[in-house]
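K.L.:
pasting the sequence and the predicted model now:
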Amino acid sequence: MNWVSEIFSGAVDKVIDSVGNALDKLFTSDEERLKAQVLLDKVKSEMNLELGRQALEYDKQITERWKSDNEHAITRLVRPSIVIWTYFLFTIVMLLDGNLGNFHINPAYIPMLETIVVTVTVAYFGSRGVEKVSKFIEKGD
């Protein structure tokens, strides 16, 4: 279930419980209370089932949207293009920042460079490791 259905299922439970508590005060016999409780439990189960169906339909629609977004080259190239452009701009700004005379890298850029190098290295070798392990598992089956 997604977060929307969790919110609504909690609200449904609270409403049904409060209705059940109010009906408890109206009924005089245990048999009437039991029938009402069974009916309320049935309504609660049906509502939770319907919310689950709606959450499943919502997830299916999102999956279909993602699939259609990946069908075109332009949508597949947006993220890599943004990353390349960002690194390019960062490099140009870093190299030109105060380098009209002697070349030096401003110390403020060092932590960012370290983070970028570590992240790219871990992502590259980590993803390659996952690819190799998944290929090994596929061949083993």
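P.N.:
Nice, I can see it.
K.L.:
where does the protein have low pLDDT?
P.N.:
Across the chain, the ranges flagged by pLDDT under 70 are 1-13, 15-17, 19-25, 27-28, 69-70, 99-101, 140-141.
K.L.:
tell me where it has helices.
P.N.:
3-26, 30-69, 73-96, 110-140 (DSSP state H).
K.L.:
now the ones you listed in TSV, with distance to His104?
P.N.:
Every residue, glycine included, has its C-beta placed from N, CA and C. Below are the helices of the chain laid out as TSV (distance: least, C-beta to C-beta, whole Å):
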stretch	distance to His104
helix 3-26	49
helix 30-69	44
helix 73-96	10
helix 110-140	11
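K.L.:
can you list these in JSON lines and add mean neighbour count?
P.N.:
Compiled in JSON lines, the helices of the chain are given as follows (neighbours: other C-beta atoms under 10 Å):
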{"stretch": "helix 3-26", "mean neighbour count": "13"}
{"stretch": "helix 30-69", "mean neighbour count": "12"}
{"stretch": "helix 73-96", "mean neighbour count": "11"}
{"stretch": "helix 110-140", "mean neighbour count": "10"}
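K.L.:
nearest to Phe103, of those?
P.N.:
Smallest distance to Phe103 across the helices of the chain (C-beta to C-beta): 8.2 Å, for helix 73-96.
K.L.:
that closest one - contacts with which helices or strands?
P.N.:
When contacts are defined as 3 or more C-beta pairs under 8 Å, 6 or more residues apart in numbering; DSSP states H and E, helix 73-96 packs onto helix 110-140.
K.L.:
relative to helix 73-96, how tilted is the helix it packs on?
P.N.:
Put simply, helix 110-140 runs at 150 degrees to helix 73-96, going by axes from the mean of the first three to the mean of the last three C-alpha atoms, to 10 degrees.
K.L.:
how near is Arg65 to Ala55?
P.N.:
As judged by C-beta to C-beta, to the nearest Å, Arg65 and Ala55 stand 16 Å apart.
K.L.:
revised request: answer the last question for Ser81.
P.N.:
In terms of C-beta to C-beta, Ser81 sits 34 Å off from Ala55.
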